[in-house]
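Asker: this one's sequence-less:
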Ligand SMILES: NC(=O)C1=CN([C@@H]2O[C@H](COP(=O)(O)OP(=O)(O)OC[C@H]3O[C@@H](n4cnc5c(N)ncnc54)[C@H](O)[C@@H]3O)[C@@H](O)[C@H]2O)C=CC1
Ligand SMILES: O=C(O)[C@@H]1CCC=N1
């Protein structure tokens, strides 16, 4: 495998641009990358930001493609794959999909069969190189191809490989959708402080920095989140009152139910049945 495999991105939206940005920031040569999408404005933004070749025709960069990165919405994935099937069967590149609820088997079938496919679930903090991606490789993916996929998503954050494709449903519900849970918690903290009279701008800044600081501390610390939580709780102090209130309202059960709902929807989108 060449040092910098030729990577062709199909779709140039939020996630594709986040990954492209990470690769360029890590020194990936722009002339080894390319993107296609129907929206000329998005392509212009990608070309201006990263200096990569772009096209409105998905076939344009197939001839020398080593890995095809499918970054379109699940709803258009079948049509996009079927349109690329002939070119893919001639070239037989690694296929990487980031679409929620689309299985390796579906992608392989739509592209004509018998292909190495990596299914990945990234998340939007990839835009600031703090992404968390779960990856699964079908049995046809070689070690060298696994490394290509790993390098792709390591450029925008951390990577966790799963040995069972079903685990991607859990990753989707945990870290794929997870940024939205954190934003909602920030939103709730901001609103609560504003309701107590703090000016809304300060409430927002303090809420965001608190989440950021706590995440950084948990990342660097040897202690578990449960232990770090205890360190904030002075006996008879303020935090204890808030945590007691969360416990009385069974916050953990609420989070568990929400994550199970997202997990169930991921199965549903794939046309599969979630285990009981
Ligand atoms: N937004 C999120 O938090 C996450 C999204 N995903 C997955 O990433 C994928 C892309 O999501 P976003 O980047 O957020 O969406 P987006 O809407 O920003 O990007 C979709 C891209 O596909 C392009 N496109 C549409 N039809 C096309 C066609 N026929 N051929 C080529 N390109 C076409 C659009 O022009 C656009 O560039 C989805 O499958 C989603 O499930 C995965 C993890 C997290
Ligand atoms: O909500 C969704 O379906 C996608 C997948 C994970 C994050 N966004």
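Answerer: Perfect, I can see it now. The structure displayed is predicted, hence computed values, not measured ones. Ligands and ions are numbered 1, 2, ... in the order given.

Asker: interface residues of the protein facing ligand 2?
Answerer: Residues of the chain found near ligand 2 (Cβ under 6 Å from any ligand atom) are 100, 172, 176-177. Glycine gets a C-beta too; all of them are placed from N, C-alpha and C.

Asker: can you classify residue 241 as helix, strand or coil?
Answerer: Look at residue 241: counting by DSSP: H, G, I helix; E, B strand; the rest coil, its state is helix.

Asker: against ligand 1, how distant is it?
Answerer: According to Cβ to the nearest ligand atom, to the nearest Å, residue 241 and ligand 1 sit 35 Å apart.

Asker: for that residue, report the pLDDT, please.
Answerer: Per-residue confidence at residue 241 stands at 98 (pLDDT).

Asker: repeat for residue 273
Answerer: pLDDT, residue 273: 89.

Asker: wait, residue 96 touches residue 65, no?
Answerer: No. With contacts counted by Cβ atoms under 8 Å, residue 96 stays clear of residue 65, the gap being 11.3 Å.

Asker: strands along the protein, start to end?
Answerer: Taking DSSP state E, the strands of the chain run over residues 7-10, 33-36, 54-55, 67-70, 94-97, 117-121, 131-137, 157-161.

Asker: any chance of those in CSV, with distance to residue 82 and mean pLDDT too?
Answerer: Below are these laid out as CSV (distance: least, Cβ to Cβ, whole Å; pLDDT from 0 to 100):
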stretch, distance to residue 82, mean pLDDT
strand 7-10, 12, 98
strand 33-36, 15, 98
strand 54-55, 19, 98
strand 67-70, 12, 98
strand 94-97, 13, 98
strand 117-121, 15, 98
strand 131-137, 23, 98
strand 157-161, 29, 98
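
Asker: out of these, which is closest to residue 181?
Answerer: Set against residue 181 and scored by Cβ to Cβ, the strands of the chain come closest in strand 131-137, at 12.9 Å.

Asker: burial count for the closest residue to ligand 2 within the stretch 1-150 of the chain?
Answerer: Proximity of the stretch 1-150 of the chain to ligand 2 (Cβ to the nearest ligand atom) peaks at residue 100, 3.7 Å away. When counting by other Cβ atoms under 10 Å, one arrives at 18 neighbours for residue 100.
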